[in-house]
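Asker: Provided below are the primary sequence and the corresponding predicted coordinates.
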Amino acid sequence: MIKLGVLGVGDLTDKMIRGLSRKGSGAIQFLLSPRNEVKAAALAKDPGCTVMSSNQDVVDGADVVLVGVRPAHLAELAQHVSLKPFQPLVSVVAGVSTKDLSRLFGDRDYSRVMLSCAAEINRSTVAVYPANSKAAQLFAPLGNVVNLETEREFELGMIAACMNGWFYFLVHELQQWLTEKGMPLESARALVFSSVEDCVAYARYKSSTPIDVLGQSIATPGTYTAGGRDVLIEHDGYAAWRAACDHVFNQLVCDKR
Ligand SMILES: NC(=O)c1ccc[n+]([C@@H]2O[C@H](COP(=O)([O-])OP(=O)(O)OC[C@H]3O[C@@H](n4cnc5c(N)ncnc54)[C@H](OP(=O)(O)O)[C@@H]3O)[C@@H](O)[C@H]2O)c1
């Protein structure tokens, strides 16, 4: 059994712990920071979770430490805990490199992992750097592991994590359009989500076919789909998505140079 110490019991780590508890059948013992009393107490209803009396107790009892605080809280956290020599640290903190982590927590084995809220139901993307690191083994039960070879790839993976959030708003817009035209909400929600699921399932099935080729096979000249795509292009619909990606990437990487 692995003892996983959690510093930063928040929205994301809560979902990770719930997902791991569901799939892990007791393989991980979670030692929780007491800082977020309400979340920690709710998790501690599961016998696999123990709320420790301090962050240092979390670290002292853990085989591996998972850091899940917000980036702005990381330096303060690092000042107040001393990790054990060689104790591995896994970070979900967005935009903080392994170099920055080692400046804060010393020389040790670092992994970074990026997930979505679907970790709670074991259906998250689990982007991992370094590839095949400790995090990949530990968090594989949370969904689809994507091993990333370089830290730059991992930062790009962060943009994919943002896309996950943006998709909710896109789906909402499309659902709204249908309801404004008179469709009941439940049907609109079912149709839009199901269309997205169709697309993902078929593209996975046709894994060797480029995605745009699959799109072109549907949006053939003269079809309604092709007509709508022309309007999306005319209104810079795709360019707006690329601009959003550039914006976040510049914030994550370029601003730090
Ligand atoms: N939520 C997501 O879907 C998501 C996705 C990808 C990445 N992330 C990354 O995950 C990290 C956490 O995000 P989140 O949305 O889960 O944030 P969150 O809900 O605010 O959770 C962070 C938790 O850390 C606690 N904390 C702060 N300082 C601490 C300290 N010194 N010792 C122990 N605990 C401390 C906070 O307590 P207080 O509230 O008392 O400050 C809070 O409970 C971020 O770095 C973010 O970049 C999140």
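Answerer: Good, I have the coordinates. Residues are numbered from 1 along each chain as shown.
Asker: mind checking which helix or strand the residue in the stretch 51-200 of the chain that the ligand sits nearest to is in?
Answerer: Closest residue of the stretch 51-200 of the chain to the ligand, Cβ to the nearest ligand atom: A94 (3.2 Å). Where C-beta positions appear, they are placed from N, C-alpha and C, glycine not excepted. A94 is part of no helix or strand when elements are defined by DSSP states H and E.
Asker: Looks like it contacts M158 (just checking).
Answerer: Yes - A94 lies in contact with M158 (Cβ atoms under 8 Å); the separation is 5.7 Å.
Asker: shared neighbours of the two, anything?
Answerer: Counting by Cβ atoms under 8 Å, 6 or more residues apart in numbering, the common neighbours of A94 and M158 are 114, 252.
Asker: neighbour count winner among those two?
Answerer: Counted by other Cβ atoms under 10 Å, A94 and M158 do not tie: M158 has more neighbours, with 19 against 16.
Asker: That one: what's it in contact with?
Answerer: 94-95, 114, 248, 252.
Asker: which residues touch stretch 208-223?
Answerer: Stretch 208-223 has contacts (Cβ under 8 Å, 6+ apart) with 202-203, 206, 225-226, 229.
Asker: out of these, who's nearest M1?
Answerer: Distances from M1 to the contacts of stretch 208-223, taken as Cβ to Cβ, are shortest for A203 (38.6 Å).
Asker: Show me which residues of whatever helix or strand the closest one lives in are buried.
Answerer: Here A203, judged by DSSP H and E, is contained in helix 185-205. Neighbour-count burial for helix 185-205, counted by 16 or more other Cβ atoms under 10 Å, picks out 188-189, 192.
Asker: do stretch 11-30 as well
Answerer: 12-21, 24, 28-30.
Asker: which of those residues are close to the ligand?
Answerer: Among those, the residues within reach of the ligand (Cβ under 6 Å from any ligand atom) are L12.
Asker: Would you check which pair of the buried residues of stretch 11-30 lies furthest apart?
Answerer: The largest separation in the buried residues of stretch 11-30, counting by Cβ to Cβ, is between L12 and Q29 at 19.6 Å.
Asker: is the ligand contacted by the helix or strand bottoming out on mean pLDDT in the chain?
Answerer: Least confident helix or strand, the chain: helix 134-139 with a mean of 86, by mean pLDDT, DSSP states H and E. No - using Cβ under 6 Å from any ligand atom, we find that helix 134-139 stays clear of the ligand, coming within 12.5 Å at best.
Asker: So, low pLDDT: which residues of the stretch 1-150 of the chain?
Answerer: For the stretch 1-150 of the chain, the stretches with pLDDT under 70 are 25.
Asker: who in it is up against the ligand?
Answerer: So far as Cβ under 6 Å from any ligand atom goes, the stretch 1-150 of the chain lies against the ligand at 7-12, 33, 35-36, 55, 68-71, 73, 76-77, 92-94, 114, 116-117.
Asker: can you tell me how far S82 sits from V58?
Answerer: Distance, S82 to V58, by Cβ to Cβ, to the nearest Å: 12 Å.
Asker: Going along the chain, name the helices of this protein.
Answerer: 11-24, 37-43, 55-61, 74-80, 98-105, 134-139, 151-180, 185-205, 211-218, 224-234, 237-252 (DSSP state H).
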